[in-house]
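Asker: got a predicted structure plus its sequence, pasted below:
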Amino acid sequence: MKNFRILYLEDSPHDAELAGYILKNAGIDFTLKLVDTQDEYQHALEEYRPDIILADHSLFHFNSSEALKIFKSTGLKIPFILVTGTVSEEFAVDILKEGADDYLLKNNLARLPNAILNSLEKYRLDRERQEYLNNIIANEALMKEAEQLALFGSWEADIITGEFKWSDEIFRIYGYEPGEIKPGQDIVLHHIHPEDRTFYQQALFSIMKQQDTYASEIRIIDRNGQNKFVSFKIVVKRNKSGQLARLLGFVQDITQKKELEKELAEQALRQQRLITEVTIQAQEKERNELGKELHDNINQVLATVKIFLNMSLNNPLKSEEFTNRGIHNINYAIEEIRKLSKTLVAPSLGEIGLIEALKDLVHEQNFDINLKAQLVAENRGEKDIDKNMELMLYRIAQEQLNNIRKYAKASNAIIALRIEAERLFFSIADDGVGFNPHLKARGIGLKNISSRIDFYEGKMDIISSPGMGCRLELSIPL
C-alpha cells in the first residue's frame, strides 16, 4: 500500500496521537504532519502537498469552515475529512454541502481508517474517470484536426430511425460549416454531379441488396459551385438476422490529387513532345550533315575519279598514272564512307564494353592533327552500366567531340568516366574558346544530350566562359 501524506489540523496532540495509533493498527502506511494555526496550515498546503486532510472543527482563532475555504481556493483534488467533537446535525450537513468529503466524531475514531480509504478510492476513481474523458476529448479533437488536414470525413446512417450523422469534415467537403444543415441523403444526392448521380444511386442500391462494402470515385458540386473529385467507401452493417441496420461512409476530397495527376500527365506529355522534337531535330541534323558530307566531300572525290578515268581512256600513254590516281581516290572515298557509316550505325558494345569503345573513339579522333583526345576512366563498376546507357554515353561522347571539332577551336579534349556510390560521373572537357552558357542558347547537340540524360533522371551541367574552354559534366544514378 502506498505511503499516504496526511495533513492533520488539530490542536490536541493527544487526539492526533490516538488517531495515528488507530490508523497504524488498521495497516495504513502514512506520514502525518500536525498543524494548529492558519499560517502553518496554509504553508503545509503549499509545501507538504498532502494526499488527504483531517481537520478538527474548533481551534484557537481558527475553525474547520475557514480551513475548508482555504483548501478549496488552492484547487487541490484530495479528500477533506472533518474529525471533531460533538457538532449539530445541521452543521454536519452544511459542511458536507460546502465541500467536505466526510465527517466523524472523535468518540467514533474506529471508523477513521475506512473513511480515509473510501475517500481516497473515490478520488482515485474520479481522477481516472476524468483522465478517460480528457483522453476522449483529446482524441476527438485530434481526429477532427486529422480529418481536416486529410480532407477526410465520415458519416453514419441508421436505417431503422433514418438518422444521419456527419463528421465536421463532411460538412466542409460539401461547402458548409459544421452543423449548418441537417445531414441527410437528399443533401448528398443534391451535391453529386448530375452525370454521376445515377451511378451513385445504383451503387448504393447494389451494396444495400447484396454487398458489404463498396468504394469508388465521383464528382460533386459544393455549395459554392466548385467542382470537386471525392473518393468514397460505404460499409454495410447488418443485424444477426442479416437485415440491413446501418451504413457507414467515408469520403475524401481528392481534387488536389486529381489536379496534380493531371498536371503530371501534361508535364509528361510535354516532356515526351520535347524529346520527340529534339530527336527529330537530331535526325534532321544528321541527315543534313550526311548530305553535306556526301555532296561536299565524297561526291567531289568520285567526280575526280571520273575525270581520271576519262583522262586514262583518252591518253593511253598516261593511262596507268591516271588509273592509279583514280584508285587512290576511290580508296579515300571508301575510307570516308566507312567513317561516316560508323558515326551513324550504333556500335556493338556487347563484347568490348564502354571503356574500350571510348578508347577506339579517342584513337580515331587522334588521326586529326588539329584536335587530340584523351580518355581517363576507371574500370571499377563498369559492369553496373546497362547496355542502353553505355550506348547513350558513347553517343554523347561522339556528339560532344563533333561539337568541339566544329566550334571550340580546341587543341585538346579529355573524356573522364568514374563511378562512386552507385552514381556515374561522365565529363568531356576542352581547352577551346569557350562561351557564356547563360547568354548563348543551347544548340541541337546539347539539347539532344540533355534529353538523353533526362531519360535516366540524371543531371547535366555546362561549365564554360569565354577563352576558358568548356566542360560538360553528367551525373547519372545507376
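Answerer: Alright, I've got the coordinates.
Asker: after the least confident helix or strand in the chain by mean pLDDT, which helix or strand is next?
Answerer: Ranked by mean pLDDT, DSSP states H and E, the weakest helix or strand in the chain is helix 444-455, scoring a mean of 74. Moving toward the C-terminus from helix 444-455, the next helix or strand (DSSP states H and E) is strand 459-464.
Asker: coming back round to it: please name every helix or strand in contact with the least confident helix or strand of the chain.
Answerer: Judged by 3 or more CB pairs under 8 Å, 6 or more residues apart in numbering; DSSP states H and E, helix 444-455 is in contact with helix 255-293, helix 387-403, strand 459-464, strand 470-477. Just so you know, the C-beta spots here come from the backbone N, C-alpha and C atoms, and that holds for glycine as well.
Asker: in CSV: these, plus mean pLDDT.
Answerer: Below are the helices and strands packed on helix 444-455 laid out as CSV (pLDDT from 0 to 100):
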stretch, mean pLDDT
helix 255-293, 78
helix 387-403, 85
strand 459-464, 91
strand 470-477, 92
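Asker: residue 98 is nearest to which of the ones you listed?
Answerer: Residue 98 lies closest to helix 255-293 among the helices and strands packed on helix 444-455, at 58.5 Å (CB to CB).
Asker: now for the closest one, which elements pack on it?
Answerer: Secondary-structure packing of helix 255-293 (3+ CB pairs under 8 Å, 6+ apart): strand 227-238, helix 319-344, helix 444-455.
Asker: helix or strand right after it?
Answerer: Assigned by DSSP H and E, the successor of helix 255-293 is helix 299-314.
Asker: now do that following helix against helix 319-344, angle only.
Answerer: Taking axes from the mean of the first three to the mean of the last three CA atoms, to 10 degrees, one finds helix 299-314 and helix 319-344 inclined to each other by 160 degrees.
Asker: can you give me the helices for the stretch 1-150 of the chain?
Answerer: Remark: helices assigned in the stretch 1-150 of the chain by DSSP state H, counting those that start in this stretch are 13-25, 38-47, 64-74, 89-98, 112-150.
Asker: deepest of those, which one?
Answerer: helix 64-74 (a mean of 16; mean count of other CB atoms under 10 Å).
Asker: helices or strands up against it?
Answerer: Going by 3+ CB pairs under 8 Å, 6+ apart, helix 64-74 lies up against helix 38-47, strand 52-55, strand 80-84, helix 89-98.
Asker: which residues sit against the second one?
Answerer: Contacts of strand 52-55 from elsewhere in the structure, counted by CB atoms under 8 Å, 6 or more residues apart in numbering, are 4-10, 19, 64, 67-68, 71, 78-84, 116, 119-120.
Asker: identify the residue spatially nearest to residue 84, adjacent ones excluded.
Answerer: In space, and not counting its chain neighbours, residue 84 is closest to residue 57: 3.8 Å by CB to CB, 6 or more residues apart in numbering.
Asker: which segments of the protein make up each domain?
Answerer: 4-129, 151-253, 263-345, 348-478 (automatic domain parsing).
Asker: low-confidence bits of the stretch 301-450 of the chain, can you list those?
Answerer: Along the stretch 301-450 of the chain, the parts satisfying pLDDT under 70 run over 339-351, 381-383, 440-445.
Asker: name the residues that touch stretch 309-317?
Answerer: In contact with stretch 309-317 (CB under 8 Å, 6+ apart) are residues 318-320, 322-323, 326.
Asker: ok, so of these, who is nearest residue 361?
Answerer: Nearest member of those to residue 361, counting by CB to CB, is residue 326, at 31.7 Å.
Asker: how about the closest residue to that closest one other than its chain neighbours, what does it touch?
Answerer: Distances taken as CB to CB, 6+ apart place residue 308 nearest to residue 326, at 3.8 Å, with adjacent residues excluded. Residue 308 makes contacts with 322-323, 325-326, 329, as judged by CB under 8 Å, 6+ apart.
Asker: just the buried residues of those.
Answerer: 322, 325-326, 329 (16 or more other CB atoms under 10 Å).
Asker: and the gap between residue 183 and residue 199?
Answerer: Using CB to CB, to the nearest Å, we find residue 183 at a distance of 22 Å from residue 199.
Asker: the two: which has the busier surroundings?
Answerer: residue 183 (20 against 13; other CB atoms under 10 Å).
Asker: ok, which of the helices and strands packed on helix 255-293 comes nearest residue 287?
Answerer: Judging the helices and strands packed on helix 255-293 by CB to CB, what sits closest to residue 287 is helix 319-344, at 10.0 Å.
Asker: which strands and helices sit next to the next helix or strand after that closest one?
Answerer: Downstream of helix 319-344, the next assigned helix or strand under DSSP H and E is helix 353-365. Secondary-structure packing of helix 353-365 (3+ CB pairs under 8 Å, 6+ apart): strand 372-377, helix 387-403, strand 412-420.
Asker: C-alpha coordinates for helix 353-365, PDB please?
Answerer: The C-alpha trace of helix 353-365 is given here as PDB (Å, rounded to 0.1, in the frame of the first residue of the first chain):
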ATOM      1  CA  GLY A 353      32.400  -2.600 -73.200                       C
ATOM      2  CA  LEU A 354      32.100   1.100 -72.900                       C
ATOM      3  CA  ILE A 355      35.700   1.900 -72.000                       C
ATOM      4  CA  GLU A 356      37.200   0.000 -74.900                       C
ATOM      5  CA  ALA A 357      34.700   1.700 -77.300                       C
ATOM      6  CA  LEU A 358      35.700   5.100 -75.900                       C
ATOM      7  CA  LYS A 359      39.300   4.200 -76.400                       C
ATOM      8  CA  ASP A 360      38.600   3.400 -80.100                       C
ATOM      9  CA  LEU A 361      36.800   6.700 -80.400                       C
ATOM     10  CA  VAL A 362      39.700   8.600 -78.900                       C
ATOM     11  CA  HIS A 363      42.200   6.600 -81.200                       C
ATOM     12  CA  GLU A 364      40.300   7.600 -84.300                       C
ATOM     13  CA  GLN A 365      40.000  11.200 -83.200                       C
END
